[in-house]
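Novice: take this sequence and fold it.
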Amino acid sequence: MKIKEIMNSKVRVVPEEMHLIEALSRMKHNNTGVMLVKNDHHIYGILSAKDVLMRHGIHKDKLRKLKVRDVMNPNIRFVYDDQSVQLVKTVMKEKKMSHLIVLDRNNKIRGICARKDVGLKS
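Specialist: Have a look, this model is predicted:
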């Protein structure tokens with residue numbers, strides 16, 4: 001099975017300068033736990049609601065002072081949509097990644113894949 005068959009093709013993007021509280025509100029509105037972080041035309045990181053909660057808790061006063069760039073994960077990895085689920089699973093385990101960006105062979109973003117998508121625990 002190819003990763004394009006199970007990836008989430010609804011990719012949400014936020015600018016790195018956005019206030020974190022607004023980004024979290026957008027996540028809730030879009031029913032997603034992860035967004036890509038963009039500046040100009042480049043992806044700079046991944047913002048995960050789980051990462052935010054684990055690092056900063058739910059203290060609204062603290063969250064209001066932060067911007068997306070302050071808490072995003074800049075360690076992003078890419079896989080191609082025609083690669084096997086097993087290969088993607090191996091990459092996630094070896095690199096200890098919770099999300100991978102899925103590209104086509106023209107390097108256009110096609111989706112995002114989470115650990116749970118490939119049968120791994122978070």
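Novice: where's residue 19 relative to residue 89, distance?
Specialist: Distance of residue 19 to residue 89, computed by C-beta to C-beta, to the nearest Å: 35 Å. Heads up, the C-betas are built off the backbone N, CA and C, glycines and all.
Novice: one more: residue 73?
Specialist: Following C-beta to C-beta, the distance that separates residue 73 from residue 89 is 19 Å.
Novice: same question, residue 72
Specialist: To residue 89, residue 72 is 24 Å away according to C-beta to C-beta.
Novice: could you do residue 44 as well?
Specialist: 25 Å.
Novice: how about residue 75?
Specialist: 18 Å.
Novice: when those two are compared, which one has more neighbours?
Specialist: Set side by side, residue 75 and residue 89 show more neighbours around residue 89, with 17 against 10, by other C-beta atoms under 10 Å.
Novice: quick check: that one touching residue 117?
Specialist: No: using C-beta atoms under 8 Å, residue 89 is not in contact with residue 117, being 9.2 Å away.
Novice: what residues of stretch 61-68 count as buried?
Specialist: Within stretch 61-68, the residues scored as buried using 16 or more other C-beta atoms under 10 Å are 63, 66-68.
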